[in-house]
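K.L.:
A structural model of the following input is requested.
(4 chains)
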Number of protein chains: 2
Amino acid sequence: MLDRLNFRMTPQRKVILEELRKVNTHPSADEIYAMVRRRLPRISLGTVYRNLEILAENGQIQKLELGSSLKRFDGVAENHYHIRCIRCDRVVDAPVDFDPALDQKLKNISDFDIIGHRLEFIGICPACRKQAPSE
Amino acid sequence: MLDRLNFRMTPQRKVILEELRKVNTHPSADEIYAMVRRRLPRISLGTVYRNLEILAENGQIQKLELGSSLKRFDGVAENHYHIRCIRCDRVVDAPVDFDPALDQKLKNISDFDIIGHRLEFIGICPACRKQAPSE
DNA sequence: CTAGCTGCAAAATCTTTGCAAATGC
DNA sequence: GCATTTGCAAAGATTTTGCAGCTAG
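P.N.:
Numbering: from 1, shown residues only, chains lettered A, B, ... in the order given. Okay, here's the model as predicted:
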């Protein structure tokens, strides 16, 4: 994932980045829109979406829900992990054991009651690797 | 999260569950709709959504994209983990170190090229716990 | 019986996109 | 100067919901 070549720092993009770095609440696009609008009343939601996409692509911010926007379902109810192909978005089960001990790590240092965790590996599947090995 | 009291096993629900357990492709709601429709041509998309929701609530299947349906953004680009409150959907950073060694576990046993991973803890935040300590 | 479920269709929610004008670099 | 970006508005995609009739238990 290479950086954009001509990455222009517009006021809109700058404010979005600044506002996002001010908080630790992991806001949604719409919440970011509201925050930014206090400083740039004429900005549009579309611009916010476009910039979040670009900033994430550039590694300056993170998108928390990865993959496509649609939910996926798994017929196996037991706890297990997944691997998602970053190219085709296919999801397969990860061949590693579920580790319940992970939750313990947080039990005493977080003020949340920890119920469980979800782990997703990100990678490139054999089919996609074959299509474009490098790049 | 308690189980439904009167959980009725309708043909639709049964077929959805069967079809989902047949595959290991982690289909989206729409793909499940297509699969189920081969056996129940008159089923509606709405029924599929409703049943997936209920089955997941009952622990018979898993929803992979947890939390709300909207994407969330993080101003911190470095790798780190999150905790999500299952009640209010708030997301905070998890006070544990990122563990790059996790990826290694898969390096030789998976046919994917592993690029990274994403870990999200699920819990109940202090504010929500206060509101409804038990239940 | 009757609470729970269904199909249908409309609505709601979230995100992307086409376009002409504006603007960083 | 010109490729990129913007605001606006419309379209797309996904999910939820109201309702009247149906049905499993």
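
K.L.:
only C-alpha atoms for contact and neighbour calcs from this point on.
P.N.:
Fine.

K.L.:
residues near the nearest residue to A:Asp111 once chain neighbours are set aside, how many?
P.N.:
The shortest distance from A:Asp111 to any non-neighbouring residue, by Cα to Cα, 6 or more residues apart in numbering or on different chains, is to B:Pro126 (6.3 Å). Neighbour count of B:Pro126, defined by other Cα atoms under 10 Å in any protein chain shown: 14.

K.L.:
My guess is B:Pro126 contacts A:Ser110. True?
P.N.:
No - the criterion here is Cα atoms under 8 Å, and B:Pro126 misses it with A:Ser110 at 9.8 Å.

K.L.:
Where does pLDDT dip in chain A?
P.N.:
Chain A contains residues with pLDDT under 70 at A:1-5, A:66-69, A:132-135.

K.L.:
Check which helix or strand the one residue in it that gets nearest to DNA strand D maps to.
P.N.:
Using Cα to the nearest atom of the strand, A:Ile43 is the residue of chain A that sits closest to DNA strand D, at 3.0 Å. Assigned by DSSP states H and E, A:Ile43 belongs to no helix or strand.

K.L.:
care to break chain A down by domain?
P.N.:
Domain assignment for chain A, taken from automatic domain parsing, gives A:1-76, A:79-130.

K.L.:
Look up phi and psi at A:Leu45.
P.N.:
Note on A:Leu45: its backbone torsions stand at phi -60, psi -40 [degrees, to the nearest 10].

K.L.:
May I have the residues that are in contact with it?
P.N.:
A:30, A:33 (Cα atoms under 8 Å, 6 or more residues apart in numbering or on different chains).

K.L.:
Apply 10 Å and report the result again.
P.N.:
The contact partners of A:Leu45, taken as Cα atoms under 10 Å, 6 or more residues apart in numbering or on different chains, are A:29-30, A:32-34, A:36-37, A:51.

K.L.:
again, but for A:Pro100
P.N.:
If you count contacts by Cα under 10 Å, 6+ apart, then A:Pro100 has A:79, A:116-117 around it.

K.L.:
what does A:Asp93 give?
P.N.:
A:74, A:76, A:80-84, A:120-121, B:24-26, B:110.

K.L.:
cool, A:Leu17 as well?
P.N.:
A:11, A:32, A:36, A:51-52, A:55, A:60-61, B:74-75.

K.L.:
where does it sit relative to B:Val92, distance-wise?
P.N.:
Using Cα to Cα, to the nearest Å, A:Leu17 is found at 18 Å from B:Val92.
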